[in-house]
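Novice: The following comprises the amino acid sequence and a computationally predicted model.
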Amino acid sequence: MDFKNPNFFYEKRVLNMIESIKLKLKNILENVILNRFDVSVNIIVEAPKRKEQGDLSIPVFTIAKALQKPLSDVMKIINETIETSPLSSFFSDYLAIGGFFNIKLNSIAIIKFVVDDFANHQKDYGHSLIGEGKTVCIDYSSPNIAKPFSVGHLRSTIIGHSLGNLLEKCGYKVVRINHLGDFGTQFGKIIYAYQHFGDETLIRKDPINELVKLYVEFHERAKNNPEMDDEARRIFKELEQGNPEYTNLWNWFRKVSLEDYMKVYEKLNVHFDSYNGEAFYNDKMQPIIDELSEKGLLKEDEGAMIVDLGEEMPPALIQKSDGSTLYITRDLAALFYRKKTYNFSKCLYVVGNEQKLHFEQIKAVSKLMGYPYDKEIEHINFGLVLQDGKKMSTRKGKIVKLDDVLDEACHLSLVYINEKNPELENKKLISQKIGVSAVVFNDLKNYRANDFEFNLEDMVRFEGQTGPYLQYTSVRIASILNAESFEFNGNIDYMRLANESEFEIIKVISQYQMTVEKSAIESSPSILAKYLLNLASLFNSYYGKEKIIVENLIEKNTKKHLLAMVKYILDDGMTLLGMQVIDKM
RNA sequence: GACUUGGUAGCUCAGCUGGAUAGAGCAACGGCCUUCUAAGCCGUCGGUCAGGAGUUCGAAUCUCCUCCGAGUCGCCA
């Protein structure tokens, strides 16, 4: 281990400097204790809760207990070990508080590292190599044709989009797949409804909304006429088998729906590599069914074909008693197709909590078939969009269209601009970027698996932990940095950055890469969202008490370096979340 | 009923591989703009971490039980 080598901490850039120090410290202490006492302990090196307590902290209780020695003796051993280790040059002070051995970092060394690291990488600061050479497929958005793009699909869309960005930042090759819900019994229903009580001219005028009306009406009528459901199933089966009349209608419905979705994707700035939906796999299911049959996994039950999954899970229904296929059959076909086409190392499905069982079944079936996909596919579940504590549904006609939500948010941000900065140019365009980003951030800031109460008022509130707060922070910095020319020239006063408020910011900056990796690995954009809020808050606090544009040139330049780093991370982070960056608001 | 998931400040939520005095934002109240964007900053108020038991030097975090909410449980997706 060559701690003196300046490149030591750049190794693969897997860990930032402080994390790296923590890990080395842990290893050194564990080794010393193992060698001296022949006792193996797990030593924790963490950050203390309060900043007066230093930068690193080692709880000594467990070690003392394992060694059966008093705390003070163990403290002494730790102190000696650290003092004689090459790490000591990164530390400036040691404090024993209660049962904790705390360490203050040598801030100058850390600051130099962070600032140099940043200057060397700039545009790809925070970029990681953990995904190099690996491909990840992400199945997200996947709206159901002939249904409006609801706020329910919003979650899948923006979580998936953000995960794609995060994974790319970590070096993965990402394949973004919009697995359109363009097949299934619902099409039998819509076609039935269209043929019995639809109106072509109305649909041409306002396609999506009319199709939704038909769908809703079908369900209302079917309540008292259960034979309509049988008829819809029959129609779908014929569609599956290529009935030309139904296929034409299907094509039409699909086309107009997709045109509608594209408008939303444009607003959200979301894109896909593939729009192969369920229908795409219509001719790719038979080989799967054959293989299941050959492997003796398929059996008949009440006229349907199922795969028995044992005690823990209900059986997977592969083929209905009328011979038509189901969602899971098409998903299996899609899985095999994606593996063959993209050779993914992971395939993520950004789909709601309620489909948990479905993905458990897919894993179980593929495992029974002898494939390792159960380890490669991952259900990125997310919570329901609730309204007044209840799930929103198109069947009951309670529809909240995403388009309306976005418009409302944009409109409100325009109202705010007129209030706060009426002279601003391009108000309309900027208000759209603020409004859409507010909706995106509002969704991503909470842990995805939890339910989500849909509240327009909270969403467009532009105070506190919101998208506009992040944008506003970036804008404030932009207005300083753009006032006169600035570049990273390294002409700075490191001592100044060692002041408490500056060093706090430096430490957070140094955690950016690790935060991005953690967000990507845990598929949790909320981790990054919380981090950005924290960074913005630290900056705003700093901004409130420090003047940046000062007479002293080196002081001014030093502060600008700090601001430029903060701004880069805010902008890069917002982009990763799928928000838009602006320089005036 | 079984399985999954959640219950932390009035509201929205962090924190959960056990660590120090449980944190933010909103709301309420009080300050701060002749000086880099006040969509901001500073401060005050606010908690039996659903309840109980257990493990531990130490529990919001782990285990068990109870209560409450949500989701899922073959011919929808």
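Specialist: Sure, I can see it. In this text the structure is predicted, and so the values were computed from the model without any measurement. Numbering: from 1, shown residues only, chains lettered A, B, ... in the order given.
Novice: And the helices in the stretch 401-550 of chain A?
Specialist: With helices called from DSSP state H, counting those that start in this stretch, the stretch 401-550 of chain A shows them at A:402-420, A:427-444, A:456-459, A:467-481, A:494-497, A:500-510, A:512-521, A:525-545.
Novice: Now do the fifth one: which elements does it pack against?
Specialist: If contacts are counted by 3 or more CB pairs under 8 Å, 6 or more residues apart in numbering; DSSP states H and E, helix A:494-497 sits against helix A:107-121, helix A:500-510, helix A:553-577. No exception for glycine: its C-beta is placed from N, CA and C like everyone else's.
Novice: what residues does the stretch 51-200 of chain A put near RNA strand B?
Specialist: Residues of the stretch 51-200 of chain A lying close to RNA strand B (CB under 7 Å from any atom of the strand) are A:52-53, A:57, A:59, A:61-62, A:65, A:97-100, A:102, A:144, A:181, A:183-186.
Novice: Any chance of the helices of the stretch 401-550 of chain A in CSV with mean pLDDT, mean neighbour count and distance to RNA strand B as columns?
Specialist: Shown next, in CSV, are those (pLDDT from 0 to 100; neighbours: other CB atoms under 10 Å; distance: least, CB to the nearest atom of the strand, whole Å):
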stretch, mean pLDDT, mean neighbour count, distance to RNA strand B
helix A:402-420, 90, 17, 4
helix A:427-444, 95, 23, 5
helix A:456-459, 74, 13, 6
helix A:467-481, 96, 21, 3
helix A:494-497, 92, 16, 15
helix A:500-510, 92, 18, 9
helix A:512-521, 93, 22, 10
helix A:525-545, 96, 19, 3
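Novice: Mark which of the residues of the stretch 51-200 of chain A next to RNA strand B are buried, thanks.
Specialist: With burial judged by 16 or more other CB atoms under 10 Å, the buried subset of these is A:53, A:57, A:100, A:102, A:144, A:181, A:183-186.
Novice: now for those residues, which pair is the farthest apart?
Specialist: Spatially, the most separated pair among those is A:102 and A:185, at 63.2 Å (CB to CB).
Novice: Using the record's assignment, carve chain A into domains.
Specialist: Here the domain parsing of chain A from automatic domain parsing is A:8-105, A:402-577.
Novice: how far is the first one from where the chain is centred?
Specialist: Put plainly, it is domain A:8-105. 33 Å (CA atoms, centre = their mean, to the nearest Å).
Novice: same question for that domain, mean pLDDT?
Specialist: Mean per-residue pLDDT for domain A:8-105: 86.
Novice: Just give me the neighbour total for the residue nearest to residue A:210 when sequence neighbours are not counted.
Specialist: Closest residue in space to residue A:210, ignoring its immediate chain neighbours: residue A:203 at 4.5 Å, by CB to CB, 6 or more residues apart in numbering. Using other CB atoms under 10 Å, the number of residues around residue A:203 comes to 19.
Novice: Ok, the one 3 residues further on next?
Specialist: The tally of other residues near residue A:206 (other CB under 10 Å) stands at 13.
Novice: Repeat that for the one 3 residues further on.
Specialist: The tally of other residues near residue A:209 (other CB under 10 Å) stands at 15.
Novice: can you check residue A:34 too?
Specialist: 12.
Novice: Quick check: it is in a helix.
Specialist: Yes. Secondary structure of residue A:34 (DSSP: H, G, I helix; E, B strand; the rest coil): part of a helix.
Novice: show me what contacts it?
Specialist: By CB atoms under 8 Å, 6 or more residues apart in numbering, residue A:34 lies in contact with residue A:40.
Novice: cool, residue A:79 as well?
Specialist: Shown in contact with residue A:79 (CB under 8 Å, 6+ apart): A:94, A:101.
Novice: Reduced to three states, what does it come out as?
Specialist: Secondary structure state of residue A:79, per three-state DSSP, is helix.
Novice: In the stretch 51-200 of chain A, mark out all the helices, start to finish.
Specialist: Using DSSP H, counting those that start in this stretch, the helices of the stretch 51-200 of chain A run over A:61-67, A:71-83, A:107-121, A:151-169, A:185-197, A:200-205.
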